[in-house]
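J.: Structure for the following, please:
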Amino acid sequence: MSGAAVREGNDRDAGVVDEICGYLTEQPPRSFFLFAGAGSGKTRTLVEVLRRLTGVVAHEAGGFLGRRLRLCGRSIRVVTFTKNAVAVIHGRLGNNDLVSVSTIHSFCWELIDGFNDDIREALVAVKTIQLEKERVKAEGKKRGVSAADRETFAEIEQEIDEIRATDKFIYHPDRNTYGPGAIQHRHVLDTTAWLLLNKPALRTILQDRHPIILIDESQDTMKGVLDALMVLAEPQGSGLTLGLLGDHRQRIYSDGHSDLPGLVPDGWAKPELQMNHRSQLRIVTLINQIWESEMLGRTQPPTGVKQHARTENTRGVVRLFIGNASLSAEEKRVREQWCATQMRDPAQTDAWTSGGYQLLALEHKLVAARGGFLGVYEAMDLIDPNAAAPVGSGENKGPSAVRLLLDELAQLEACVNHDGTVNESLATDVLRHSNSLDQMPVDAAERQARADEMLKAISAFAAACVDEGSTVANVIAPVLAANLFDVDSRLVEAFADTSEPPPPPVPRKNTETAQARMRRGWCALFAAPWVELGRYRRYLVGQSELATHQVVKGSEFDHVMVVMDDSQAGGFLISYDKLFGGKELSANDQTNVQDGKETTIDRSLRLLYVTCSRARESLALVLWSTQPGAAIAYIKDKSGWFASDEILAIP
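T.: Numbering: from 1, shown residues only. I've put the predicted structure just below:
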């Protein structure tokens, strides 16, 4: 830590707040990258800096900066990764007109909203670049350009034509409903990055509004936007000062830079937070060992600050359980509960036997399998892969086409008693709030007939809800037949279509059209058990005891179980079995190592670091390996991460 007194114990980071305040108040201000590991108090540090820079806490240079900002009608911009984080910072900072806090998407849209001609130009430019990349990739294939490639070219060209014909753009992910003028999250970021680099007027607007921008979780901030802002912040005194806060060890999205510290310009300050205030010593030691390990297949540098636990956090329990990946999902679920019981005595808490722990998994598909809603999840993923799974950076509402199932029918089901009877008063409230009663006939007889029809449909819906054998189709049929709610036309059309689902595409050949994929999804959804939909809903809104590493980004829990099961990971980019020696590196892995590219080991190691660092008191790692014996031998001989009594075979 440059220029700071050396501190020990729990006060190692005591000078970082003043250090950062110094960078931002010197003339000209100095951009910085704050290395802040898991549980280091990054948000507290950020808020304390803001309090001093805006006069909430007495600080001579900060008070002067705050007065100058207010006089010029400017503010400090804080960009965070999630809406949750926005709320946390607002809650800790209080009402402060010199600080604007938002997510990266909101920040970008606020900057470009209304500049329709510029947005159009940027989107066309970005899509043209994408088209050129697709052509180069296709022409480089041994077999030449395929029919599927030409279809891809045509789709991008059609998108470009639609963009050129669009007069006004809005920020909304549901393009099917709002038309080609609705641009999604990624498009907003791509557009902003292009405009910042190509439109001087936008750069001037940004600097006039926010001469200081502080970006939290910068390792996961989209490369394009971050690169553009870093260009604007150079050289020192350019009119824009950038503060990046993050930890490249916790990067979980491919949009971010793989080695952000290595990209920070030489003239930037690089303060560090060395403490881990969250976890007990044993867990802090483990995550340090994970990151510092040198293993076959790793290309990312083990750079970063070694963390220190608080002096009073001398305890902590870690166990690694290894079982056979060939077991069924249900057998694995039972044995994972056995693993939890094995944690009770060493952790000295009943939380492990009473469900008081958080289960983290690598992928949404794995969580769906463990949570008993795999059928519904896979169907939703076919219908809309961009909205099927919860993410840490936005609202998790699910695919817009099935909103009836996730909103109105969830509310209506809450009015159904266990015996299938209905609380008609509550059900009427649901219909009223959804405007279903607005179109009731004026004629008394017709009105009574319509009311009887609606009550009959609700009774049939209730009976289907409590029948354990009901499918989604069984439950929604009476609702759609009676037109109880205003339903998305895509759902209505899909339900009315009685044709057989198209066959799945041939593996490794991307020949399936979007329409065929969606049709398979609808058929799978209607055939799925209704009970799965409730579990899926709870997972989507964060009420499940299961979660993925993406969803719990920034969260912490007393007791954590991490389930590592490549067989249900839903992808090939991660392999815990390779990481723990149960499987050999592939030829592609070895090629990536030779070329210095990011490997399966790099990604797996980073995500293991993220999930392990969520735990405060105790941590159970459950590995389902294709070769359990080989994995156990490898871990004992080579990893050095675990003591022999911390490694247990799952019976």
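
J.: In this protein, which residue sits furthest out from the middle?
T.: Centroid-distance maximum for the chain: residue 445 at 52.7 Å, with Cα atoms, centre = their mean.

J.: And that residue, how close does it get to residue 451?
T.: For residue 445, the distance to residue 451 equals 11 Å [Cβ to Cβ, to the nearest Å]. For the C-beta atoms, the positions are set from N, CA and C on the backbone; glycine is no exception.

J.: can you list the domains in this protein?
T.: By the record's domain assignment, the chain is partitioned as 9-103+207-276, 111-190, 281-362+549-649, 377-540 (automatic domain parsing).

J.: Figure out which of the ones you listed is closest to residue 368.
T.: domain 377-540 (3.7 Å; Cβ to Cβ).

J.: Show the end-to-end separation of that closest one, please.
T.: 10 Å (Cα to Cα, to the nearest Å).

J.: mean confidence score for that domain?
T.: Per-region confidence: domain 377-540 scores 90 on mean pLDDT.

J.: got the buried residues for stretch 107-118?
T.: Neighbour-count burial for stretch 107-118, counted by 16 or more other Cβ atoms under 10 Å, picks out 107, 108, 109, 111, 112, 115, 118.

J.: Tell me if the second one really is in a strand.
T.: No - in this structure, residue 108 is helix, not part of a strand, as judged by DSSP: H, G, I helix; E, B strand; the rest coil.

J.: where's the residue nearest to residue 315 when sequence neighbours are not counted relative to residue 319, distance?
T.: Distance criterion Cβ to Cβ, 6 or more residues apart in numbering; nearest residue to residue 315, sequence neighbours excluded, is residue 280 at 4.9 Å. Note on residue 280: its distance to residue 319, by Cβ to Cβ, is 14 Å.

J.: so which strand or helix has residue 605?
T.: Assigned by DSSP states H and E, residue 605 belongs to helix 600-612.

J.: Just the C-alphas of the helix or strand where residue 189 lies, formatted as PDB.
T.: Assigned by DSSP H and E, residue 189 belongs to helix 185-198. Coordinates of each C-alpha in helix 185-198 appear next as PDB, following Å, rounded to 0.1, in the frame of the first residue of the first chain:
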ATOM      1  CA  HIS A 185     -29.200  -5.300 -21.800                       C
ATOM      2  CA  ARG A 186     -26.200  -6.300 -23.900                       C
ATOM      3  CA  HIS A 187     -27.300  -4.000 -26.800                       C
ATOM      4  CA  VAL A 188     -27.400  -1.000 -24.300                       C
ATOM      5  CA  LEU A 189     -23.900  -1.800 -23.200                       C
ATOM      6  CA  ASP A 190     -22.500  -2.300 -26.700                       C
ATOM      7  CA  THR A 191     -24.200   0.900 -27.900                       C
ATOM      8  CA  THR A 192     -22.800   3.000 -25.000                       C
ATOM      9  CA  ALA A 193     -19.300   1.600 -25.500                       C
ATOM     10  CA  TRP A 194     -19.300   2.400 -29.200                       C
ATOM     11  CA  LEU A 195     -20.800   5.900 -28.700                       C
ATOM     12  CA  LEU A 196     -18.300   6.900 -26.000                       C
ATOM     13  CA  LEU A 197     -15.400   6.000 -28.300                       C
ATOM     14  CA  ASN A 198     -16.900   7.500 -31.500                       C
END
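
J.: Which positions in it come out as buried?
T.: Buried, per 16+ other Cβ under 10 Å, within helix 185-198: 185, 187, 188, 189, 190, 191, 192, 193, 194, 195, 196, 197.
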